[in-house]
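> okay, here's the prediction I keep looking at, along with the sequence it came from:
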Number of protein chains: 6
Amino acid sequence: DFEHGFADVQPAFGVSEDEMQRLLRGGIIRFSSFIDEILDEGRLIVQQVREPDSTPLFSAILHGPPGSGKTALAAKIALDSEYPLIKLCSPDNMIGFNESMKIEHMRRIFDDAYKSPMSVVLIDNIERIIEWVPIGPRFSNAVLQAMMVLLKKDPPKDRRLLVLATTGERSVLQQLDLFTSFDSDIAVPNVKGYDELKLIVDESGVFRDSTRAIDELRSHTRSESVGVGIKKILMGIETAKQDPDRESRFGMVISRAVAQMGFS
Amino acid sequence: DFEHGFADVQPAFGVSEDEMQRLLRGGIIRFSSFIDEILDEGRLIVQQVREPDSTPLFSAILHGPPGSGKTALAAKIALDSEYPLIKLCSPDNMIGFNESMKIEHMRRIFDDAYKSPMSVVLIDNIERIIEWVPIGPRFSNAVLQAMMVLLKKDPPKDRRLLVLATTGERSVLQQLDLFTSFDSDIAVPNVKGYDELKLIVDESGVFRDSTRAIDELRSHTRSESVGVGIKKILMGIETAKQDPDRESRFGMVISRAVAQMGFS
Amino acid sequence: DFEHGFADVQPAFGVSEDEMQRLLRGGIIRFSSFIDEILDEGRLIVQQVREPDSTPLFSAILHGPPGSGKTALAAKIALDSEYPLIKLCSPDNMIGFNESMKIEHMRRIFDDAYKSPMSVVLIDNIERIIEWVPIGPRFSNAVLQAMMVLLKKDPPKDRRLLVLATTGERSVLQQLDLFTSFDSDIAVPNVKGYDELKLIVDESGVFRDSTRAIDELRSHTRSESVGVGIKKILMGIETAKQDPDRESRFGMVISRAVAQMGFS
Amino acid sequence: DFEHGFADVQPAFGVSEDEMQRLLRGGIIRFSSFIDEILDEGRLIVQQVREPDSTPLFSAILHGPPGSGKTALAAKIALDSEYPLIKLCSPDNMIGFNESMKIEHMRRIFDDAYKSPMSVVLIDNIERIIEWVPIGPRFSNAVLQAMMVLLKKDPPKDRRLLVLATTGERSVLQQLDLFTSFDSDIAVPNVKGYDELKLIVDESGVFRDSTRAIDELRSHTRSESVGVGIKKILMGIETAKQDPDRESRFGMVISRAVAQMGFS
Amino acid sequence: DFEHGFADVQPAFGVSEDEMQRLLRGGIIRFSSFIDEILDEGRLIVQQVREPDSTPLFSAILHGPPGSGKTALAAKIALDSEYPLIKLCSPDNMIGFNESMKIEHMRRIFDDAYKSPMSVVLIDNIERIIEWVPIGPRFSNAVLQAMMVLLKKDPPKDRRLLVLATTGERSVLQQLDLFTSFDSDIAVPNVKGYDELKLIVDESGVFRDSTRAIDELRSHTRSESVGVGIKKILMGIETAKQDPDRESRFGMVISRAVAQMGFS
Amino acid sequence: DFEHGFADVQPAFGVSEDEMQRLLRGGIIRFSSFIDEILDEGRLIVQQVREPDSTPLFSAILHGPPGSGKTALAAKIALDSEYPLIKLCSPDNMIGFNESMKIEHMRRIFDDAYKSPMSVVLIDNIERIIEWVPIGPRFSNAVLQAMMVLLKKDPPKDRRLLVLATTGERSVLQQLDLFTSFDSDIAVPNVKGYDELKLIVDESGVFRDSTRAIDELRSHTRSESVGVGIKKILMGIETAKQDPDRESRFGMVISRAVAQMGFS
Ligand SMILES: Nc1ncnc2c1ncn2[C@@H]1O[C@H](COP(=O)(O)OP(=O)(O)OP(=O)(O)O)[C@@H](O)[C@H]1O
Ligand SMILES: Nc1ncnc2c1ncn2[C@@H]1O[C@H](COP(=O)(O)OP(=O)(O)OP(=O)(O)O)[C@@H](O)[C@H]1O
Ligand SMILES: Nc1ncnc2c1ncn2[C@@H]1O[C@H](COP(=O)(O)OP(=O)(O)OP(=O)(O)O)[C@@H](O)[C@H]1O
Ligand SMILES: Nc1ncnc2c1ncn2[C@@H]1O[C@H](COP(=O)(O)OP(=O)(O)OP(=O)(O)O)[C@@H](O)[C@H]1O
Ligand SMILES: Nc1ncnc2c1ncn2[C@@H]1O[C@H](COP(=O)(O)OP(=O)(O)OP(=O)(O)O)[C@@H](O)[C@H]1O
Ligand SMILES: Nc1ncnc2c1ncn2[C@@H]1O[C@H](COP(=O)(O)OP(=O)(O)OP(=O)(O)O)[C@@H](O)[C@H]1O
Ligand SMILES: [Mg+2]
Ligand SMILES: [Mg+2]
Ligand SMILES: [Mg+2]
Ligand SMILES: [Mg+2]
Ligand SMILES: [Mg+2]
Ligand SMILES: [Mg+2]
């Protein structure tokens, strides 16, 4: 019924590991050394929060271009932490919530996290949670303020909390004074060069002649850099699969994505 | 009674194939090769979503000038998909809805779609759904945000969803960061030249001397391009029918539409 | 009682021919060939909508300076159509309505119209219905959006609808993207020259020496054009009637109206 | 109790002649020929509305600097009209009303007026009723729009209505498109020269040597024009009465008012 | 409980002389002839309102820099008036009130005042009552408008009312058109020179060597003028009392206040 | 349940000394003479309010860069006061409160404080309580206004109150006219030079070779000043502890903080 949204507010307890696994459906392809560095940094943070005489609260934000893999990497770090509790705070679960329902939803996620001796809260896509839109600009200040306070509020005695967040709008978060609320920030890069792209393409096992696929792309873009998120590339491989000439379709689809990135 | 609008929110289940047929009342006249290309592209997308091991969610937006046939083409692609369920999300069904009623209505359409193993959701006239107006500018950010999340939220396990949307305001959607929420975009053109127009006029079977009808128009506009949407042209043919001198009335009516396009 | 306004929302069924007659109290004086052309154009539109295999919905907007006779001419076209149902949508009947009451009121007028096989809806003074004010500028976007959708929404099967609207703010409607929602627009002119004015003055039968009345005006304005709406001129004749020297009072009163037009 | 304001909305029937008399407490001093001209113009308007075959609705607005006597003159015209019903619409009776209470209050005043065959509605201090403030600027658009519609809405059959309004903010009303809603406008002047002032001072009978009182003022302002509203001058005479040296106190008090006018 | 604020609205009858006395806790030190002039002017106003055949309503506003003694002087004038009723309208008694609660509170204070044949209403700190803040700028227009109307609305027959108000934001009130709603304005000055300061310091009896205290200050500021409100000076004397070297501490504390004034 | 936030409003009585201790978890390291001066100044204020014949209300605001120790120092002063009651007013306890709940919460804290003969109210992080955000800018004016009034409202007879507040946004508070509502302000500095840093690093007892730790930092920043808050430095020491090479990790982590400060 109509109060569906409101009803959703209530049951927020329990582990959301299943949801985490879905965020990782495309796996983690180690197409660049940066990927390993990000996971290493994640492991160090996980370790520091685990340390009993250290600060009981630590927050990190993963930021980068659209589709660069921010959400998947945050989910990976969270799952690898082996903390007893992982909570997901995602706009997908707050559709149609008003400001106070969103704040209550976030509060509850943190309250649940406080109940476990050690937990991770993954806040995905912050700009969507605060309903940012560049025209205006507009956003929910009430939700933003609640997030700022939750990010700096110590958990209760003997509880330890790691907050991992993702955003595609670093500069917006900086203008909102939200970025400095995080103890640490981690940049997530696009797929940059053709060598990285070749590695991904080969791993997919979709093309007979992956070199030609790459060359097709190069012939479209006439550029030495790729500059597209891993997500778009994996999606482009799917589209290519529908075409009898997979290699040339791959070139076409990815070149459009390259052009669009320049635009956005 | 007064709660009519609210009551409308409730029954949203069921197929809306009838509604689709009405959107296609004027048929699809293949006046240009672009029309075939658009329908081809539609078929490819339909096929990709059908593929079981592909991404379970794909969204495309048809954009173009007013009356260029965006809605009819989207309805055509949807009907030709032969997916078990097609849902229409149109401003016509949300008159007088407030923000939360609109969001709930959209949610329900998507929830219905998720119930079928495979479905199309056609979101018609996005700028009207988000209540865009250039003075201000103003729009419903809550509705926009809900749409952004719905467009990127994966359907449940083993469900596949194709979203087709239409808009006459591409640049507005780009400024709102909504355009990049779509996986693909399809441009729908106006009727451009006199050859295309001749084809349409002939197909109507309304004029004794279709060449004169065209010449009448040319003598008004003194231009080699037409640049008017198919919808206005079909409407103009209807008006011409009322006049004893159909050919010269056609020239007058369409030349006004040409002038108005230059203005808007 | 206080809910008077709300109560008004309810009874909206029935014919409003009486109201139409009141809008025409001053009759239609054929002071210029433009008046005949407007009524001719109206007849053609009326005829097109009557045609069973034509488009079932047609909308036209009458625009022009204040008091130029927009409302009277729209009422005249509507009454002459001899359609079985004529509905009036006027700000006079929505005083103190909030946004949702206004939208509901409009919806009901259209729903009533849909019940007749053929009907006219006359939307009078659009800028007042959407509560336009140039400081801000401000207006009711919700009412505007509902109007936009109602103007383009097809009536149910086998129903035909003609919408006639009036506005004194064409450029505002253009900026609001509302103007292009109409299929056709009709300009209503002021009384322009002294010959037109003479015709009106004579028809009134109020002046002994109508030439002197005109000359009095000319001596005030020292201009060859009049540029005042028919409504102000008819009102000025009434005022002149109170004065022993009707001719010179006429000159004074109308010259003030001329000056004020230059100002607005 | 707290709903005091709301309760006030209810009893709005009956004559408000008493209230009118209070607005005229200071009488009408004929200190300038303009005063007679204003009253003459008022009489003509009153006569025109009385005429059975004339337009059944006429509205006039009295505008001028603060304290120039707008309210008193409007009350005078209304009382002299000898119409069976006079209604007062004043901000004094709407303190703390919200928008819909104000609109309802105004509606009721007009509805009462419509019940009498002939009536005057005096709308005092329009800028205060619409809650105008120059910072922003802000005002109640809903109240403004209701007023615009009420000012142009014909009374029911066989009812005649004269609307007299006052404002100290003519240019604001012009910017709001409210000024042109009136059929006629009447300018109310300040007390301009020392001769006019002398007349007023003499009529008060408060000073032994009224020439000295005037000279005292002149010595302060060193200007040949006065430029102060009659209201401030009558108030200044009251203040002067408290002082043993009435003449010199009069000079001081009025000179301050002169200075303040230059400032506002 | 939570409705505390609301409950406060109710009991507003009765004399608030006690509250008045608290506002005067620091007494009135006659450190300058201006203080006497202000009190004289107050006495004259009190006398004019008392006069039975004079205007039944008079309002005066005391304005000046922060801490200059506006509130104390207004309280002094009110207490010395010996009117049967004195009412205080202060932001202290409206914490957390919304707009309509504030307006109702003010209405009640005036209604109480109207019940006494003669009364003073002291409106303290107007900018705080209307919730003025320079960023935006923002303020409560509803409260402002209610105040404007109350300030000009005549009390009922045979009732006389004196309104005394205070503000630290004269130019804000001028921009809001509120300043001209007062019949008279009274400027309250800072402590200006060292001679005035010496007088205050001596009267306190706190310093052994008041000349040295002054010299200490002069050595800090190196300026011949003081320019600080009496309130800060009395507070500075209190602080100095805590220090073994009262004279030098006085110099330090007051010099900081001097610096801060230059800043604000 | 969902009314959790609202429920929190209720129990606000009792001492919050425990909470105070938590704010001081990192202790107070006397790394600079400024720290002693701040605590001295705090002691003087505490003493002045204790004095029975002094002003019964005194307020001071601690301001400084992020993480400079404002909250800890305010808590230290409050705890050392040995006043019978200490109340904490912190954004942590108002998550999701709307404006009126926040104001009521603050009112209650002050009301509780008024019940004790002598008390401290610590208002932490004012910019967060008023929900300040630089984009817009936006903030809760209602909460701001209530705070302004509470800061200047005298406690009841025989009650004495010290208000200590903290902020990282001094210039914002100045623009909001809130800064001058405080009787005194205390600047809290960053850790400035390497000597101060050395002192802190040594006190931690975490490094074998603290000189090398400092040198590592210097080699990164190539600057003679540090300019980072004590909080970040203590956090950096924790992070360093996780690394086998604590000294070089310390250099890395702190140099990032130094860079970030330059940015913010
Ligand atoms: N090295 C990698 N890093 C991140 N994701 C990877 C990697 N390799 C493969 N993937 C897959 O790529 C996809 C990345 O999508 P993801 O949603 O995480 O991107 P995103 O940056 O969060 O996108 P958005 O900007 O839309 O939020 C996932 O399906 C993930 O499993
Ligand atoms: N090739 C074609 N493409 C699209 N529509 C066509 C074509 N041939 C004929 N039509 C008819 O033209 C009309 C196009 O109108 P449609 O409402 O789809 O345009 P639109 O671009 O959505 O208009 P709007 O900008 O008002 O939303 C339909 O009636 C359709 O049946
Ligand atoms: N040729 C004419 N065209 C229109 N109205 C005419 C004509 N001759 C006489 N009239 C009379 O003139 C008046 C025109 O007023 P009407 O209210 O229609 O003007 P309007 O343009 O709608 O004014 P507004 O700008 O105030 O809405 C009516 O009373 C009508 O009967
Ligand atoms: N010739 C006159 N015209 C108007 N008022 C006069 C005249 N002679 C005396 N008076 C008195 O002067 C006073 C004018 O005050 P009034 O309230 O009418 O002014 P106003 O212009 O409406 O003021 P405001 O700008 O405050 O609304 C009244 O008391 C009235 O009786
Ligand atoms: N001559 C004087 N005038 C006014 N106040 C005096 C004088 N002498 C002593 N005082 C004392 O000085 C204090 C002035 O404070 P008061 O609150 O009246 O100032 P204020 O201008 O209203 O301050 P704020 O700007 O904060 O409203 C009072 O305690 C008052 O008793
Ligand atoms: N000399 C000192 N002054 C202040 N804090 C110190 C000092 N020495 C050690 N500390 C510790 O440093 C930390 C300072 O953090 P605190 O929260 O007080 O900073 P803050 O300026 O309030 O931060 P924020 O800007 O985030 O509000 C506390 O843990 C405190 O115990
Ligand atoms: Mg993501
Ligand atoms: Mg369409
Ligand atoms: Mg009209
Ligand atoms: Mg007046
Ligand atoms: Mg004060
Ligand atoms: Mg702090």
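Perfect, thanks for sending it. Numbering: from 1, shown residues only, chains lettered A, B, ... in the order given. Ligands and ions are numbered 1, 2, ... in the order given.
> pull the number of nearby residues for A:Glu19.
If you count neighbours by other CB atoms under 10 Å in any protein chain shown, A:Glu19 ends up with 17. For every residue, glycine as well, the C-beta is placed using N, CA and C.
> tell me how far it lies from A:Lys102.
18 Å (CB to CB, to the nearest Å).
> likewise for A:Glu131?
Distance of A:Glu131 to A:Lys102, given as CB to CB: 9 Å.
> same check on A:Met147?
Remark: distance between A:Met147 and A:Lys102 (CB to CB) = 9 Å.
> shared neighbours, the two?
A:Ile129 (CB atoms under 8 Å, 6 or more residues apart in numbering or on different chains).
> OK, contacts around the nearest residue to A:Arg22 once chain neighbours are set aside?
Among residues not flanking A:Arg22 along the chain, B:Asp154 sits closest, at 6.8 Å (CB to CB, 6 or more residues apart in numbering or on different chains). Going by CB under 8 Å, 6+ apart, B:Asp154 touches A:22, B:56-57.
> counting neighbours, which of these end up buried?
B:56-57 (16 or more other CB atoms under 10 Å in any protein chain shown).
> from the contacts of B:Asp154, which land in strands?
The strands, defined by DSSP state E, take in B:Leu57 from the contacts of B:Asp154.
> CSV please, covering the contacts of B:Asp154 and showing distance to ligand 12 and pLDDT.
Listed next are these as CSV, based on distance: CB to the ion, whole Å; pLDDT from 0 to 100:
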residue, distance to ligand 12, pLDDT
A:Arg22, 38, 87
B:Pro56, 46, 92
B:Leu57, 44, 96
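> and which of the contacts of B:Asp154 is nearest A:Val226?
When those are compared for distance to A:Val226 (CB to CB), B:Leu57 wins out at 24.0 Å.
> please list all residues in contact with the closest one.
So B:Leu57 contacts B:49, B:152-155, B:160-161, B:163 (CB under 8 Å, 6+ apart).
> buried members of these into PyMOL, please.
Of these, the buried ones go into a single PyMOL selection, burial set by 16+ other CB under 10 Å:
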select buried, chain B and resi 49+152+153+155+160+161+163
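> secondary structure class for A:Phe97?
Put simply, A:Phe97 is coil when judged by DSSP: H, G, I helix; E, B strand; the rest coil.
> circling back: tabulate the contacts of B:Leu57 in TSV, adding columns for pLDDT.
Listed next are the contacts of B:Leu57 as TSV, based on pLDDT from 0 to 100:
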residue	pLDDT
B:Val49	94
B:Lys152	96
B:Lys153	96
B:Asp154	94
B:Pro155	95
B:Arg160	97
B:Leu161	98
B:Val163	98
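> among the contacts of B:Leu57, which are in helices?
Those of the contacts of B:Leu57 mapping onto helices are B:49, B:152, per DSSP state H.
> so which of the contacts of B:Leu57 comes closest to D:Gly227?
B:Lys152 (67.7 Å).
> let me know how buried the residue nearest to that closest one when sequence neighbours are not counted is, in neighbour terms.
Spatial nearest neighbour of B:Lys152, chain neighbours left out: B:Ser181 (6.1 Å); criterion: CB to CB, 6+ apart. Neighbourhood size, B:Ser181 [other CB under 10 Å]: 20.
> do the same with A:Arg30
Using other CB under 10 Å, A:Arg30 has 13 other residues around it.
> close enough to count as contact, A:Gly42 and A:Phe58?
No: counting by CB atoms under 8 Å, no contact exists between A:Gly42 and A:Phe58, whose distance comes to 11.3 Å.
> got the contacts of B:Leu57 as TSV, with distance to D:Ile28 columns?
Formatted as TSV, these follow (distance: CB to CB, whole Å):
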residue	distance to D:Ile28
B:Val49	83
B:Lys152	73
B:Lys153	74
B:Asp154	80
B:Pro155	80
B:Arg160	84
B:Leu161	78
B:Val163	74
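> okay, helices next: where are they in the stretch 1-150 of chain A?
Using DSSP state H, counting those that start in this stretch, the helices of the stretch 1-150 of chain A run over A:4-8, A:17-23, A:33-50, A:70-81, A:99-115, A:126-129, A:141-152.
> considering the ones you listed, which stretch scores lowest in mean pLDDT?
Mean pLDDT across the helices of the stretch 1-150 of chain A is lowest at helix A:4-8; the value there is a mean of 37.
> residue contacts, A:Glu203?
A:Ile29.
> quick one: it and A:Asp36, what's the gap?
As for A:Glu203, its distance to A:Asp36 is 16 Å (criterion: CB to CB).
> burial measure for A:Pro156, as a count.
When counting by other CB under 10 Å, one arrives at 11 neighbours for A:Pro156.
> now the residue in the stretch 151-264 of chain A positioned nearest to chain F. Nearest residue, chain neighbours left out?
In the stretch 151-264 of chain A, no residue comes nearer to chain F than A:Lys153, which is 4.7 Å away by CB to the nearest CB. Once flanking residues are discounted, A:Lys153 sits nearest to F:Asp92: 4.7 Å by CB to CB, 6+ apart.
> quick one: pLDDT of that neighbour?
pLDDT, F:Asp92: 97.
> go on, A:Gln242?
Predicted confidence (pLDDT) for A:Gln242: 84.
> likewise A:Thr55?
As predicted, A:Thr55 sits at a pLDDT of 85.
> and it, what is it in contact with?
By CB under 8 Å, 6+ apart, the contact list for A:Thr55 reads A:48-49, F:235, F:238.
> can you tell me which of these is nearest F:Ser81?
Nearest to F:Ser81 among the contacts of A:Thr55, with distances taken as CB to CB, is F:Met235, at 28.5 Å.
> look up phi and psi at the residue lying closest to that closest one once chain neighbours are set aside.
In space, and not counting its chain neighbours, F:Met235 is closest to A:Thr55: 5.9 Å by CB to CB, 6+ apart. A:Thr55 adopts backbone torsions of phi -60, psi 140, taken as degrees, to the nearest 10.
> how near is A:Thr55 to ligand 6?
Separation of A:Thr55 from ligand 6 (CB to the nearest ligand atom, to the nearest Å): 9 Å.
> how close does the nearest residue to A:Leu23 once chain neighbours are set aside get to ligand 9?
Take A:Leu23 and drop its neighbours on the chain: the residue closest to it by CB to CB, 6+ apart is A:Ala75, 4.1 Å away. Separation of A:Ala75 from ligand 9 (CB to the ion, to the nearest Å): 63 Å.
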